[in-house]
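Participant: here is a sequence together with a model predicted from it:
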Amino acid sequence: MSESFFVLSGTLRLFDGAHWIDAKAGDFLYVPEGGIHGFHNESDEPGSMLLLFAPGAPREAYFEAIAEKAAGRRFSDEEWTDLCRRHDNYFL
């Protein structure tokens, strides 16, 4: 599947497979199928972005877990590894 990221607010770091960029509201990143990419928020300010998966993929459980983690839930290493593996996520 391909993925697209559209920054709605804040400043987020996006990785396009070669470089990290600071993306702000209105910036867009397209990742073709199989493309390596990443994102994170290095600032103390909140940020938001719209994600599009094409074709759609069941990712609700992954983002629900991310929200739980942000709210303070502590996952065991085994739980986190399993969640990431099920959703094709690899952290470097």
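Facilitator: Received the coordinates, thanks.

Participant: strand partners (parallel or antiparallel) of the lowest-mean-pLDDT helix or strand in the chain?
Facilitator: Here the helix or strand of the chain ranked lowest by mean pLDDT, DSSP states H and E is strand 38-40, holding a mean of 84. Using DSSP bridges, strand 38-40 pairs in its sheet with strand 11-15 (antiparallel).

Participant: circling back to that earlier point, can you give me how far the least confident helix or strand of the chain is from the chain middle?
Facilitator: Relative to the mean C-alpha coordinate of its chain, strand 38-40 is positioned 5 Å out (CA atoms, centre = their mean, to the nearest Å).

Participant: same question, stretch 43-50
Facilitator: Counting by CA atoms, centre = their mean, stretch 43-50 comes out at 12 Å from the chain centroid.

Participant: same check on stretch 37-56?
Facilitator: With CA atoms, centre = their mean, you get 5 Å for stretch 37-56.

Participant: list the buried residues for that stretch?
Facilitator: For stretch 37-56, a neighbour-count test (16 or more other CB atoms under 10 Å) marks Phe39, Gly47, Met49 as buried. The C-beta positions use only the backbone N, C-alpha and C, and glycine is treated the same way.

Participant: surely the last one touches Thr11?
Facilitator: No - under the criterion of CB atoms under 8 Å, Met49 makes no contact with Thr11, lying 10.9 Å away.

Participant: got a list of what the most centrally placed residue in the chain touches?
Facilitator: With distances taken as CA atoms, centre = their mean, Phe39 lies nearest the centre of the chain, 5.3 Å away. Counting by CB atoms under 8 Å, 6 or more residues apart in numbering, Phe39 touches Phe5, Leu12, Arg13, Leu14, Phe15, Met49.
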